[in-house]
Each structure stands twice: as C-alpha cells, then as structure tokens.
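K.L.:
model this:
(2 chains)
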Amino acid sequence: MSTREYMLGNVAIARGIVEGGGQVISGYPGTPSSEIIGTLAAMLERDFYVEWSVNEKVALEVAAGAAMAGVRSVVTMKHVGLNVAADPLLTLAYTGVKGSMVIIVADDPSCHSSQNEQDTRRYSQFSLIPCFDPSTPQEAKDMIPYAFEFSNKVQMPVIFRPTTRISHGKSDIQLGPVEETRPAAEFVKELERWVMVPKNARIQHPRLLESQKIMQDELENSPWNCLELEDGAKVGVIASGIASVYAKEAIIKQGINASFLKIGTYPIPDKKIRTLMENTEKLIIFEEMEPVVEEQVRIIAQQTGSTVDIVGKTPGPVPRIYELNTDICADVLAEVLELERPDVPAEVAEDFDYDRCRIDLPMRPPVMCPGCSHRASFHVMKKVYGKDAIFPSDIGCYTLGIQSGTVDTTLCMGGSITVASGMYQAGEKKPICCSIGDSTFFHTGMNGLLNAIYNKADITVTIVDNRITAMTGHQPNPGMGKLATGEPTIEVSLEELCKSMGAGFVESVDPYDLEKTEEVFKRAKEYKGTSVVITRQYCVIDAKRSGIRRKPLTIDAEKCVGCKLCVNLGCPAIEFDTTTKKASINTMCTGCGVCAALCKFDAITEVKK
Amino acid sequence: MSAEGISKFDLVIAGVGGQGTILASDIIGKAAVKENMSVRAAETHGMAQRGGSVVNHIRLGCELGSMIPMKGADVLLALEPSEALRYLEFLSDEGTIIVNTDPILPVTVTSGQCTYPDVDAIISKMEETHKVKAFNATELAKEAGHPQSMNVVMVGAVSSYLPVSVDTLVDCAKELVPRKTIDINVKAFEMGRSVTQG
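P.N.:
This is a model prediction of the structure:
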C-alpha cells in the first residue's frame, strides 16, 4: 500500500482510529459524521469491535463502558447527537476513563444537513472535557492517535470535533504506522471513581477542576497549536480549526505581515496567547460560530492588563453564524487594517443565493427520489386526514415531505410523536397524524410512543419504514436483521414492539398499494387513542442496489387530459408540458406504480419493450 | 485565478445530485495525488444530495483550505447548464466554463412552480463574460455506451486544462468506475477530451 493516498476526511479519521489502535467503536449515523463507522465496518479484516448503536446516548455509554474497562474506545455522532448523549457526557467528565476514549462530534456550520449549527466547543467548556479542533483532513487523522495517548495519560475522555469541510473534504493523506499494542479489557472496581453517588461526585468535581490546568499545560505544547511570531508585525491573527487555513490564505492574498497563532486544542494555549499579546498591538480572531477563543482571549487581556486591541465577533466584523471562508477573512482583514479590499466583497460569499444570478434560475431543492414510498404514504395521509390536519414530522428523508404539505413541524430526532401528543393534550381539535422513520423510531421515537399511549393521546403515528437509515447513507438499524458489518442479527419487529408498549391499533401496509393504505389510515383515524400505521416499502435506492427491478411507466398522451393529479405527487420522473398541457414520464421512473394507480383515465401503463 | 503560494489550479464542479460529480472530482483528485501534488477538495453529501444542486471544489497543488474563493476558479465544469450559472461567481474573470448543455428539470419546474430558462440564453449569457465550451455531453455519453458516463465525458473535456497528465487521469478513471464499464468510460473520456482539443 502506498503511504500517501487521496481520501475523504472521514475516511482519514477512520484511518486515524486504526493507526491509534482503537478497540471499541460505536456511533449513531448523522451527517457529516457517518462515513467514519461506515469505513471501519466495511473493512474486511478488523481487530476491533464496531457497532451502529440505536442512538447517541447509547453509543456514548457503550464506548464509556469499554474505556472504563481499560481499552481504547471511540464514539461518533453529529453535533446535535451530543445533546442526546449530554447526560452521560457531563458525568463521564467526573469519572474519567481508565483506557482511552475519543468522542467524535462532527459540527455542521451553515446547516448543510442539520437543524441547527450548535458549536460543540461549548460542550467542551461546559463539561470540562478537552477538545481537539482539526484544521485539515491530514491533521484530523494525525490527531486521533495523539488523542488516544493523551486521553490515557490524563485518564479523561476527549472530544474531537471535525466540521463538514473536514469530514466531507478530500485531501492527500500521509499514512502513519499502526499501533500494535492492545490493552486487555479488565474492569477494576473502584467505587469512588465509577459510582457517582453524591458523596463520590463531590470528590470528583474538584479533581476535575484541578485537572484543567494540567491538561492545558500538556496541550499547550502539542503539535496542534502553533505560534509564528513575525519580525516587526504589529498585527496578530489567532485562528482555530478550519478557520486557520482560511485566515492563512487571506493573509497571503492580502500580503499582510502578521504574527499567526493557530489553535487546535481546548483549553486554549494560554501561554502562546500571552506571548502573542505581548508582541502585537492588534489581535484579530477568526473562529467559526461561537466566540469561544475570543472570550478566553478577552479574559486573558483583562487579567494581564493588556491594552491590545481585540477584534472578533462580540462585537466585531467576524460573523457568528455560518461557515467562514477565505473571502470573509480577507474582507475582515481589509476592513480592520484599512487596506484595499479584495476584488470580491465578502457579502457576495456570505449571502450567495439564487437571486444573485443574472438569469432567473429555477430553485433546485433536494427532493424525495423518484418512486420513494414516503411520497405515497404522504399522499394518502393527506387525503385521509385532510389538508387542515396537523402533521408533525421528524428527521430523515421524509422531512423532504415538506413539499407534500405533510411536514408541519421538525424539531429534533424523535420529536414527532411527542410534539403531536403535546398538541393533542393542549386541546387541539384538528386531526393529528405524525410521521417518523424506522431508524428514528428506534432512536428516540419509541419513548415518545410509549408516552403517547400511556397518557392516552388520540393521535395517529405513521412509521414510514423504508427498512434502512436512508438519509445518512444507508446504515442498518435494528429493524433490518443486519449489523453494521453486514453480519445477520435479530430483526426487531416494529409491530410487536408497538403492541408491547400497549398500542391498541397497529397495522402495517405497503404504501404503493394506495387503496389498502387509504383503508388502513381511515380506520386509524377513527380509532380512539394512539393508533400506529406502519407503511413499509424498501428505500428505492436500496431496492435498486439489491437488484429489485420494476418496469418503468409511460403516459399515453392520447388518454392524458392534463388533470395534473400525477404531477402533483411531486415525483421527479413526472413532467408537465405547459404547451401541450399533458404529463409525461422521464427516464428516472422506477416503476413504483403510484401515479398509475392515481390516474383516473388509465393513461399510465408499463413501458412495452 | 489560482495564485502563487496558494494553489496551482482551482476547479469548481457543479451539477445535480446523482449525476456523478463526486466521481468526477475523485478521478481528478486521485490523479493529481499520483503525480505528487497536494490536493484539497470539498464535496456535497447528505441532505442536499437528493436531486438537489451540488457543487464540488477541487484545488490542485494546494495545502490550505478546500474552499475556492469567489472569482477564484480557473475552470468551472458544469454537468448541467443551469447549475453552471448558479455557481458562476466562483469563476475567475479569465476562467473558462465547460458545460454540458443537457438540462435536468428540477421538480419545481416539472410541477410548474418555476420555469427553466432557455439553454441557449444561458450559454450566451455566460459567453458575454467568459470563454465557454458548451456541448451535449449526455449525447456523447450515450454514444460511448451509457448516458451515466456523462461525468467521465466531462472529466475528459476538462483534462485539456488540468496540470495532470492524460495517462494518469485515464488510469484513475479506470480504477474508480465499475469494472464492467471501463471500456465505455475510457471511450467517454476520449470523446470529452476531443471536444476541448483544438
């Protein structure tokens, strides 16, 4: 194998886990973190354990248990997943670990694929758990073995926080050697350390606070923090994580003589900041999202009585929202240093949107795939419950049902059934029918269903079961009878699960069968109490991969009257010609047959060879 | 334009989720790494992928960030005409646009909410400000053996501009496409390249 390869950031992170000798790896899929476990689970030869857990809290606890037993563990998730796992996280800081534990939390500034853009570094401050913030995919890979070693040395879990541009960036990666040693699992009973009853927690909290300085000193001189003092430079630039490469490029572009401090760890390198402060008159701080570094720098300035001019975002010209980029950094430098502005003002980069184009471009939002069964489920839901009904929904491909008018709320993973219950309990009189995917149901939806049934919420819960965790890239879940590695396992029955929680109405149906689906939904609507409808049909992408082929359909132009019933489904395979006033089907058709069943004029038939 | 000390060649690849922009950028990135260049690339994954507008940045001979600044790209490679226009602001004033003229209508158009602009109007708009190589790459891909090889036709077309040898690019294309489709894709590459040669 060549020692230099072109790879995805997440693949490089997976490689870092292998190089560092990771032993137990757990996680829940979430963009932009999913490919880390995907890569490890797909390896043909493995000397580690890897699992998709049912949610992030579970995943973090599995990894915590492994690290308590003395091995090297990793847990992966996206930023919002850490909210789910926050409970064990905050107390794990008290217990610490015996082996090593790296908590990988991928942030998504600009919300490319997320419901918010929270900054995981705040969790690092909150929990007092140190954090690594890589600036390139190469550094991300290299940080992992270091993080294992550091975690073991200080007996603390550590957070590792890539962002979308690291995880979904690609780069040439210089591979490193693979750690050969594997500490054996051996849990040693120590009540004061592992049992967080109040008495022990009161011992561990001061220990945690004392350890901060030790960790800060150790990290200060790690290779991830780098101070370059330039002769005669009156300006200092501090940049953290990915912002450091943008800032660097902007400095080169603008031809500025500036000292530069790159930050890659938290607690931040206090001594380096003090040195930079003593050697400059103006400090400009670039970091994506929250002013974490900036606040610390302002504290240091106050403590040392420094008069250095601090420019950041509170207040200041550096944006606190969305991703940064070279243009924004160059523009800030130009504004602050009163230089000639770069060719392109930063607001172009910041506010780039469709309206700026010189010809009106059609919007091209992401949509459900041609033949996606969610479209059929939503069509029938809307027909039965009426367009005035309330449709709370959840997080997954079916969130794209926003275009079908059947997604009225999306709060967080598992937040559909609970929001629906709350509306019902508030006295909302309109019919309420929520939707949730199979994986999301297993994640945190089932708790909500249990609560709804127990508290007698008169709502319908639609589990849109496409037999996979689709949106994040087709990971297996407990309903599929398949492990992360592809190995067979128990297939958990959604029907039995719902019934065992006390649901009096549980029916499953193939949503491609519109008539039957409508009949089931009608009965569910009439049922007094919490009704569960499981609409089950394979994800079209997964079906195609596993060789399921259906004959594509075509529209007989003679029979088509242009009623648009099929067009209104919003399937990308159905087009409407505004001049001939007729619909047609393009090559994207997967042959689901939903439009054919809908057509009142028998105009849609299978393509004849 | 790519600048001294920052990057040797900056390329933006625009298209629609499902067209194979990632594979196109992988062929180029892998080839550049084989020729000992540092490469930085940014891709669209996840939610936006589902038939949405996608853009990849790829920087050859770059050791900084993967995002190309506004008006920074040497070439804009667009697998779909309206997507060329959508990302035009990334292209340098001296840059070249290579564009597939075969449109993919978004659902907003097929369902009648928006209209799709005339493709000729898109091309002439771009020609007002930039050098444009416009051709129907999907037709060429069909001739090569399969419409899905359109992305490789486009890699062939951009190969005339890249600081990477044709042989390495073809080798990488062979490594990355499904084994059964190697011959089709090699043909697709050559057909695309011939469009920009001469």
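
K.L.:
distance of A:Arg274 from A:Leu261?
P.N.:
Distance, A:Arg274 to A:Leu261, using Cβ to Cβ, to the nearest Å: 11 Å. Using the backbone N, CA and C atoms, a C-beta is placed for each residue, glycine as well.

K.L.:
more crowded one of the two?
P.N.:
A:Leu261 (27 against 16; other Cβ atoms under 10 Å in any protein chain shown).

K.L.:
secondary structure element holding that one?
P.N.:
Element membership for A:Leu261 (DSSP states H and E) is strand A:258-263.

K.L.:
got a list of contacts for stretch A:185-205?
P.N.:
Identification of contacts with stretch A:185-205 by Cβ atoms under 8 Å, 6 or more residues apart in numbering or on different chains yields A:Ala66, A:Met68, A:Ala69, A:Gly70, A:Val71, A:Thr91, A:Tyr94, A:Thr95, A:Gly96, A:Lys98.

K.L.:
could you tell me the end-to-end distance of it?
P.N.:
One end of stretch A:185-205 to the other measures 26 Å (Cα to Cα, to the nearest Å).

K.L.:
go on, stretch A:311-323?
P.N.:
18 Å.

K.L.:
residue 198: neighbour count?
P.N.:
Let's take chain A. 7.

K.L.:
can you look at chain B instead?
P.N.:
B:Gly198: 5 neighbours (other Cβ under 10 Å).

K.L.:
out of the contacts of stretch A:185-205, who's nearest A:Asp542?
P.N.:
A:Ala66 (30.6 Å; Cβ to Cβ).

K.L.:
contact partners for that closest one?
P.N.:
A:Ala66 neighbours (Cβ under 8 Å, 6+ apart): A:Gln23, A:Val24, A:Ser73, A:Gly99, A:Met101, A:Ala185.

K.L.:
also B:Thr181?
P.N.:
Counted by Cβ under 8 Å, 6+ apart, B:Thr181 has contacts B:Gly145, B:His146, B:Gln148, B:Ser149.

K.L.:
can you pick the most crowded of the residues you listed?
P.N.:
Of these, with other Cβ under 10 Å as the count, B:Ser149 tops at 30 neighbours.

K.L.:
quick check: pLDDT value at that one.
P.N.:
Note for B:Ser149: predicted pLDDT of 97.

K.L.:
so where is the chain shaky, pLDDT-wise?
P.N.:
Answering for chain A, as no chain was given. For chain A, the stretches with pLDDT under 70 are A:1-2, A:341-358, A:609.

K.L.:
that's the wrong chain, I wanted chain B
P.N.:
For chain B (pLDDT under 70), the answer is B:46-49.

K.L.:
could you rerun that using 80?
P.N.:
Flagging of chain B using pLDDT under 80 yields the residue ranges B:1-4, B:45-50, B:111-112, B:198.

K.L.:
which other residues reach the one helix or strand A:His374 maps to?
P.N.:
Per DSSP H and E, A:His374 falls inside helix A:373-385. Residues outside helix A:373-385 that contact it (Cβ under 8 Å, 6+ apart) are A:368, A:389, A:391, A:397-398, A:400-401, A:404-406, A:431, A:433, A:435, A:460, A:462, A:464, A:466, A:511-512, A:514, A:517-518, A:521-522, A:525, A:535, A:537-540, A:569-571, A:592, A:594, A:598.

K.L.:
CA atoms of it as CSV?
P.N.:
What follows is helix A:373-385, C-alpha atoms only, in CSV (Å, rounded to 0.1, in the frame of the first residue of the first chain):
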residue,chain,number,x,y,z
SER,A,373,-42.5,5.2,-0.9
HIS,A,374,-42.7,8.2,1.5
ARG,A,375,-44.4,10.1,-1.3
ALA,A,376,-47.2,7.5,-1.4
SER,A,377,-47.5,7.4,2.4
PHE,A,378,-47.8,11.2,2.5
HIS,A,379,-50.3,11.3,-0.4
VAL,A,380,-52.7,9.0,1.4
MET,A,381,-52.1,10.7,4.8
LYS,A,382,-53.1,14.0,3.3
LYS,A,383,-56.1,12.5,1.6
VAL,A,384,-57.5,10.8,4.7
TYR,A,385,-56.7,13.4,7.3
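
K.L.:
returning to that earlier point: just flag the most distant two among the contacts of B:Thr181.
P.N.:
Among those, B:Gly145 and B:Gln148 lie farthest apart (Cβ to Cβ), at 9.6 Å.

K.L.:
count the neighbours of A:Arg193 for me.
P.N.:
By the criterion of other Cβ under 10 Å, A:Arg193 has 18 neighbours.

K.L.:
cool, A:Lys430 as well?
P.N.:
Neighbours of A:Lys430 (other Cβ under 10 Å): 11.

K.L.:
confirm that it lies within a strand, as I assumed.
P.N.:
No - A:Lys430: not assigned to a strand; according to DSSP: H, G, I helix; E, B strand; the rest coil it is coil.

K.L.:
with A:Asn455 as the reference, measure out to it.
P.N.:
19 Å.

K.L.:
can you pull the contacts of the residue nearest in space to the middle of chain B?
P.N.:
Using Cα atoms, centre = their mean, the residue of chain B that lies closest to the mean C-alpha position is B:Leu77, 3.3 Å off. By Cβ under 8 Å, 6+ apart, B:Leu77 lies in contact with B:Leu11, B:Val12, B:Ile13, B:Ala14, B:Ala24, B:Ile98, B:Met154, B:Ala157, B:Val158.

K.L.:
how long is stretch A:62-78 end to end?
P.N.:
Start-to-end, stretch A:62-78 (Cα to Cα) is 17 Å.

K.L.:
which secondary structure state is assigned to residue 75?
P.N.:
Since you didn't name a chain, this refers to chain A. A:Val75 - assigned by three-state DSSP - is strand.

K.L.:
try chain B instead
P.N.:
Classified using three-state DSSP, B:Val75 is strand.

K.L.:
apart from its chain neighbours, what residue comes closest to A:Tyr51?
P.N.:
Wrong residue type there; residue A:51 is Glu, not Tyr. A:Ser26 (5.0 Å; Cβ to Cβ, 6 or more residues apart in numbering or on different chains).

K.L.:
apologies, that question was intended for A:His474.
P.N.:
Using Cβ to Cβ, 6+ apart and skipping residues adjacent in sequence, the residue nearest A:His474 is A:Ile468, 5.3 Å away.

K.L.:
tell me the bridge partners for the residue of the stretch 501-609 of chain A found nearest chain B.
P.N.:
Of all residues in the stretch 501-609 of chain A, A:Glu575 sits closest to chain B, at 4.3 Å by Cβ to the nearest Cβ. Assessed by DSSP bridges, A:Glu575 has beta-bridge partners A:Ser584.

K.L.:
right, I'll call it a day here.
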